[in-house]
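[1] Provide a 3D model corresponding to the input given below.
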Amino acid sequence: MPAGRASGGEPPQRAPERVGGADPLMRGSREVMIGNVRIGGGNPLVLIGGPCAIEDEPHALMLAERLARVAGDAKVPFIYKSSYDKANRSSVNAYRGPGLKEGLRILRRVREAVGCPVLSDVHDVSEVEPAAEVLDVLQVPAFLCRQTDLVLACGRTRKPVNVKKGQFLSPREMGNIVEKLRSTQTEAILLTERGTTFGYNNLVVDFRSLQIMREFGYPVVFDATHSVQLPGGEGTRSGGERKYVPALARAAVAAGIDALFMEIHENPDRALKDGRPLSDGPNMLRLDDLPRLLAEITAIRAALGPQA
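    Residues are numbered from 1 along each chain as shown. From the prediction side, this is the model:
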């Protein structure tokens, strides 16, 4: 049989080309240092995880230690996240967290005791300076991503800034937010996809968003738990469909993200001590489900090969 011919006289099929050199998502983005964790630039996939809102110091320390242990076993770099104040709850009676002063004190304790970087939301310009004294990452919530004064204040701290893409925003419009941050002379920028409004009380994920935002040159994060949220779906609180978190997380990692953001709790369906439900309980991942998911996504990431 002549060389270069398959059996039956048909020309040989070309082996599929690796996408690493052509696909923007397979190329490394700019590297951003967050404490001792490197995001982007071809570095390993990072987990940003923790409960939606801080409950108290013992719970925060317990959960941060357990999350750090699980992430360490999976060899996944870890950043702890939890909010000192969820200022955008549906109901005035909803639990929001311990507040700025106490919440930052607890997050400082977590960073000191567990040795991991910490992230939390800032909702107002007045919070930015005290938050920057404690946090390793300042996060701009999706609802506030177009608030220019807040974005600029975060950029001026020179701390890394994670901006959640608004549910109402196209991914290309995130370029305007990038330019706002760059006007403060910062390059420590993360961009997070967390789902797009799909009618009333629902979100949908357009995975093209991950590639579009990567074209700005900064690390891209996927928020797998807020993407399954049902905003305001239970009337006085949001609902959620946590059963879809693993599938969306696997798909996003296959697309080539730099970090996976997930809100995680040891028992997301339990109530607080005062009887109120946890903030975002219906869409938080159960801690017991994390080891298997990390094993799956690290295998997917390894299959992609180096992200040079």
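
[2] element containing Gln138?
    Wrong residue type there; residue 138 is Leu, not Gln. Secondary structure from DSSP states H and E places Leu138 in strand 137-140.

[3] gap between the helix or strand that that strand is followed by and the chain center?
    Counting by DSSP H and E, the next helix or strand C-terminal to strand 137-140 is helix 148-156. Relative to the centre of its chain, helix 148-156 is centred 20 Å away, using CA atoms, centre = their mean, to the nearest Å.

[4] Now do the helix or strand that helix 148-156 is followed by, average pLDDT.
    Counting by DSSP H and E, the next helix or strand C-terminal to helix 148-156 is strand 161-164. Taken as a whole, strand 161-164 has an average pLDDT of 98.

[5] Now strand 161-164 - C-alpha only, CSV.
    In CSV, the C-alpha atoms belonging to strand 161-164 read as follows (Å, rounded to 0.1, in the frame of the first residue of the first chain):
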residue,chain,number,x,y,z
VAL,A,161,-10.0,43.7,41.6
ASN,A,162,-12.5,41.0,40.5
VAL,A,163,-15.4,42.4,38.6
LYS,A,164,-18.6,40.3,38.2
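
[6] Check which helices and strands it sits against.
    Applying 3 or more CB pairs under 8 Å, 6 or more residues apart in numbering; DSSP states H and E, we find strand 161-164 packed against strand 137-140, helix 148-156, helix 174-182, strand 189-193. To be clear about C-beta, it is placed using only N, CA and C from the backbone, and glycine gets the same treatment.

[7] packing partners for the strand holding Leu138?
    Secondary-structure packing of strand 137-140 (3+ CB pairs under 8 Å, 6+ apart): strand 118-121, helix 125-132, helix 148-156, strand 161-164.

[8] can I get the ones you listed in JSON lines with distance to Gly99 and mean neighbour count?
    As requested, these are exported to JSON lines (distance: least, CB to CB, whole Å; neighbours: other CB atoms under 10 Å):
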{"stretch": "strand 118-121", "distance to Gly99": "12", "mean neighbour count": "26"}
{"stretch": "helix 125-132", "distance to Gly99": "10", "mean neighbour count": "17"}
{"stretch": "helix 148-156", "distance to Gly99": "18", "mean neighbour count": "19"}
{"stretch": "strand 161-164", "distance to Gly99": "21", "mean neighbour count": "27"}
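
[9] closest one to Arg301 among those?
    Of all the helices and strands packed on strand 137-140, the one in closest proximity to Arg301, counting by CB to CB, is strand 161-164 (20.0 Å).
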